[in-house]
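1. I would like to see how this sequence folds:
(4 chains)
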2 protein chains.
Amino acid sequence: MTGEPKRQPGDGQTRRRGAALEEAILRAAADELTESGYAGLTMDRVAQRAGTNKNTIYRRWPNRLALGIAAYRQLTTTIQPPDTGTLRGDALELLRRANRHWSSPLGAILRDLLSAAGGAPELLAQLPEQSTDTVTATWLTVLGRAIARGEARPEALHPRVATVAIVLLRNEFVMRGVPTAPDEVLVEIIDEVYLPLVRRRGTPPA
Amino acid sequence: MTGEPKRQPGDGQTRRRGAALEEAILRAAADELTESGYAGLTMDRVAQRAGTNKNTIYRRWPNRLALGIAAYRQLTTTIQPPDTGTLRGDALELLRRANRHWSSPLGAILRDLLSAAGGAPELLAQLPEQSTDTVTATWLTVLGRAIARGEARPEALHPRVATVAIVLLRNEFVMRGVPTAPDEVLVEIIDEVYLPLVRRRGTPPA
DNA sequence: GCAAGTAAGGTACGTGGCGTACCTAAAAGG
DNA sequence: CCTTTTAGGTACGCCACGTACCTTACTTGC
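-> Numbers count the residues shown, from 1 in each chain, chains lettered A, B, ... in the order given. Prediction:
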């Protein structure tokens, strides 16, 4: 939305450097992302929009993808674990947040970035929603509280187990493509898979 | 490996048409895939290798990706469900096969194709290992036998539940990138998640 | 067998976008 | 002030996709 004033050679204008310039570039890139998606994020356009030139961009990011990832991070905020009082509530809330995000325009951008990264771990790690650590920590927190309440078995406090639900939902997006998963799918994941897996055993509700 | 003889204009050679030509193109594309991966699959090179021209290729496939998918299918064979006698054995075998395939050169090609498809369902459906139907059917078969043997609870015979293990492994590849998952990961998925989830309930082995 | 129709071959080109090279000009800093 | 650093301007090489257009070889139907 914000076009930078085009600078003429020798017009005596102040010339940005360092952090200020970097922020301007990131803002321009983020704007391009939201307007045209990752496909529309071209180095020429970002340079023009930021009122600078490709040269300057390439001095800071090695390639288009790196810039795209950096710009994407500008658009996201980090998540706080919910605390609804029940494991089912917390888990469902986390899935709904993920579902909303992945179905939003930002989700489309995220998918394109993932595509472009082609599974390079050092790049994936820079994407908040994909960073295994962040996501895993959130689920472990939620599950830990449930265990403390006696809702779940302590042995379930294991990264692989704790994150099963979100992994299944992510898979839903990878396999079925773009559109939002219906809420029933989220409920099904929780009720048919996640809760049966982490709930206390050997004491059937008989 | 097989270079087609270069045809000269007016050299009186026989000119391939229809199915024969199509097969030649697919063979050339498949060879390029195995030698140079999807990145190396360029329309010009395929045309040259098949002893034909881009024009002819574009009459059959709308773009590079479509050709890549078609060529990839030439390189894969369909899977048969294993029958080791135990659910654990069958499930582990299926995971090991998937692991081997995804770590092989073919797996790299598959990942690139998935990347390029960018989550378009109609394209994904053409990739055997990604076709939900095929994979789900296999796991349902294996799980169905286990239920018949009394190893698993009948309510687990549900697509979402039956395929949990393979979904987790797929996630491992998506998140951690290329290299083979160690066998311990497969065992962990089976023993910590899959079997606890599908096994009979309420009768702990006490 | 011949003529019309169809499909393959050859070649060139437009296009888009990345990444680089190279020089000029402004700011920073001693 | 003079030097060093960093930004700006511009052009270009390159690659590969996809298209256009014509020529040439097969096929088919009369």
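
2. And the residue of chain A closest to DNA strand D?
-> A:Thr52 (3.1 Å; Cβ to the nearest atom of the strand). (Glycine included, C-beta is placed from N, CA and C.)

3. need the contact list for that residue.
-> By Cβ atoms under 8 Å, 6 or more residues apart in numbering or on different chains, A:Thr52 lies in contact with A:4, A:16, A:21, A:24-25.

4. before we move on, what SS does it have?
-> Secondary structure, DSSP: H, G, I helix; E, B strand; the rest coil: A:Thr52 is coil.

5. May I have the predicted confidence score for A:Asp133?
-> Per-residue pLDDT puts A:Asp133 at 84.

6. Distance check, the residue of chain A closest to DNA strand D against DNA strand C.
-> According to Cβ to the nearest atom of the strand, to the nearest Å, A:Thr52 stands 12 Å off from DNA strand C.

7. Using CSV, write out every CA atom in the lengthiest helix in chain A.
-> Counting by DSSP state H, the longest helix found in chain A is helix A:18-36. In CSV, the C-alpha atoms belonging to helix A:18-36 read as follows (Å, rounded to 0.1, in the frame of the first residue of the first chain):
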residue,chain,number,x,y,z
GLY,A,18,21.3,0.0,7.6
ALA,A,19,18.3,-0.9,9.7
ALA,A,20,16.0,1.7,8.3
LEU,A,21,16.5,0.5,4.8
GLU,A,22,16.2,-3.1,5.8
GLU,A,23,12.9,-2.5,7.4
ALA,A,24,11.7,-0.7,4.4
ILE,A,25,12.6,-3.6,2.2
LEU,A,26,10.9,-6.0,4.5
ARG,A,27,7.8,-3.9,4.6
ALA,A,28,7.7,-3.8,0.8
ALA,A,29,8.2,-7.5,0.6
ALA,A,30,5.5,-8.2,3.1
ASP,A,31,3.1,-5.9,1.2
GLU,A,32,3.8,-7.8,-2.0
LEU,A,33,3.2,-11.1,-0.2
THR,A,34,-0.1,-10.0,1.1
GLU,A,35,-1.2,-8.5,-2.2
SER,A,36,0.1,-11.0,-4.7
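
8. How far does it sit from its chain's centre?
-> Taking Cα atoms, centre = their mean, to the nearest Å, the mean C-alpha location of helix A:18-36 is offset from the chain mean by 18 Å.

9. And the contacts of that helix?
-> Contacts of helix A:18-36 (Cβ under 8 Å, 6+ apart): A:1-2, A:4, A:16, A:40-42, A:45-46, A:49-52, A:56-57, A:60, A:67-68, A:70-72, A:74-75, A:105, A:109.

10. go with 6 Å
-> Identification of contacts with helix A:18-36 by Cβ atoms under 6 Å, 6 or more residues apart in numbering or on different chains yields A:40-41, A:45-46, A:49-50, A:57, A:67, A:71, A:74-75, A:109.

11. wait, does that helix contact DNA strand D?
-> Yes. Using Cβ under 7 Å from any atom of the strand, helix A:18-36 reaches DNA strand D at A:18, A:21.

12. Show me what counts as buried in that helix.
-> Across helix A:18-36, burial judged by 16 or more other Cβ atoms under 10 Å in any protein chain shown covers A:21-22, A:24-34.
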